[in-house]
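Enquirer: Sequence and predicted structure, then a few things I'm wondering about:
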Amino acid sequence: MNLRQLSICAFLIGLLAASSPGGTPTTLNIWPGKPPGETKDLPPEADLTKDTDRLIAGKRIIKLGNVSTPQITVYKPEKSKDTGASVVICPGGGHNILAYDLEGTEVAQWLNTIGVTGIVLKYRVPFRNPEKRWSAAVADAQRAVSLVRSQAAQWNLDPGRIGICGFSAGGETAGLTSIFLESRQYTPMDDVDKVSCKPDFAILIYPGGFDTKGQAQIRETIKVAKETPPMFLVHAFDDPVTANNSLALAIELKKAGVSTELHIYDAGGHGYGLRQVNTLPVTTWPKRCEEWMERRGLLKKP
């Protein structure tokens, strides 16, 4: 058995392991071998957080760096709560690191409380292409959506209720994955890539990468179509990653006739994740998002 066959076998074993609902979260590689476009080796994957780094709601965060093996970790809700809906989660980090707990595992745990399977995507960082910082991340996200949909029956998921969520640079990743529809940013390699990579809905929290020079105008390279899935957007007015990103995107979604909900709060800055601060209403966004999902029928039990 050659190296590629061994890689494919390991990939399939991972799929079977992830098919067990509930219990311990399951992690598996999203590619059967080396990810597309990889040309060099990185140092070992590591938490790059320093003791002097800013705390979020009084707690440290995991800043995961040097990711060269993209993976998903599947968090299933309790069987009694399971709605069959799922969300692929893209943590932020400027395409340099991943805020893996703040904008990843903590999001999955919240989704589980409302009956949704949370699937944390560990995409490649730091960015590979300085001209398209998002390219490796979007390729990994597209692959992740196809992989989840290909395993929907085995994982007791509804293939028509697979969403994507992202924060900051992860918001750009999730947004572009939704906007690109079926236009893959890599060459298809196996049967998984024959399955749709289009999310059914998107949740973008303080996303970057959409505005033009700080104005509420979409970048020329971003084309929103009427087929773009419905979106839920959150931003703070004082965010240094300007709220114009969400405004510009919402304007284009409106023009295309895509159902959109936009929340802009007066204060909150950037990078708060789901960690609630009593003096910052922006940190109550998960409740607003739950209400939006409920109205759209995304939380109905099968």
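Expert: Yes, it's here.
Enquirer: ok now do Lys63, which residues does it touch?
Expert: Asp47, Leu48, Thr49, Asp53, Gly93, Ile97, Leu98, Ala99, Tyr100 (C-beta atoms under 8 Å, 6 or more residues apart in numbering). Any C-beta I mention is one placed from the backbone N, CA and C, and that applies to glycine too.
Enquirer: Relative to Val67, how far out is the second one?
Expert: So the one you mean is Leu48. Relative to Val67, Leu48 is positioned 11 Å away (criterion: C-beta to C-beta, to the nearest Å).
Enquirer: Look at these two and report which has more neighbours.
Expert: Val67 (22 against 15; other C-beta atoms under 10 Å).
Enquirer: And that one, how far from Arg184?
Expert: Val67 sits 20 Å away from Arg184, going by C-beta to C-beta.
Enquirer: Which residue ranges of the stretch 201-302 of the chain form helices?
Expert: Assigned by DSSP state H, counting those that start in this stretch, the helices in the stretch 201-302 of the chain fall at 244-256, 285-295.
Enquirer: from the chain's centre, how far out does stretch 253-270 sit?
Expert: In terms of C-alpha atoms, centre = their mean, to the nearest Å, the centre of stretch 253-270 is found 17 Å from the chain centre.
Enquirer: can you list contacts of that stretch?
Expert: Stretch 253-270 has contacts (C-beta under 8 Å, 6+ apart) with 168, 206, 224-226, 228-241, 243, 246-247, 250, 280-283, 285, 288, 292, 296.
Enquirer: buried residues in it?
Expert: Leu253, Val258, Thr260, Glu261, Leu262, His263, Ile264, Tyr265, Gly268, His270 (16 or more other C-beta atoms under 10 Å).
Enquirer: Stretch 99-115 too?
Expert: 99-112, 114-115.
Enquirer: nearest to Ser196, of those residues?
Expert: Leu111 (21.3 Å; C-beta to C-beta).
Enquirer: pretty sure that closest one contacts Val120?
Expert: No: using C-beta atoms under 8 Å as the test, Leu111 is too far from Val120 to be in contact (10.1 Å).
Enquirer: Find residues that contact each of the two.
Expert: The contact lists of Leu111 and Val120 share Tyr75, Ile89, where a contact means C-beta under 8 Å, 6+ apart.
Enquirer: Figure out how far stretch 241-258 is from the centre of its chain.
Expert: Stretch 241-258 sits 18 Å away from the centroid of its parent chain (C-alpha atoms, centre = their mean).
Enquirer: A helix includes Ser80, no?
Expert: No: assessed with DSSP: H, G, I helix; E, B strand; the rest coil, Ser80 is coil; it does not lie in a helix.
Enquirer: and it, how many neighbours?
Expert: Neighbours of Ser80 using other C-beta under 10 Å come to 8.
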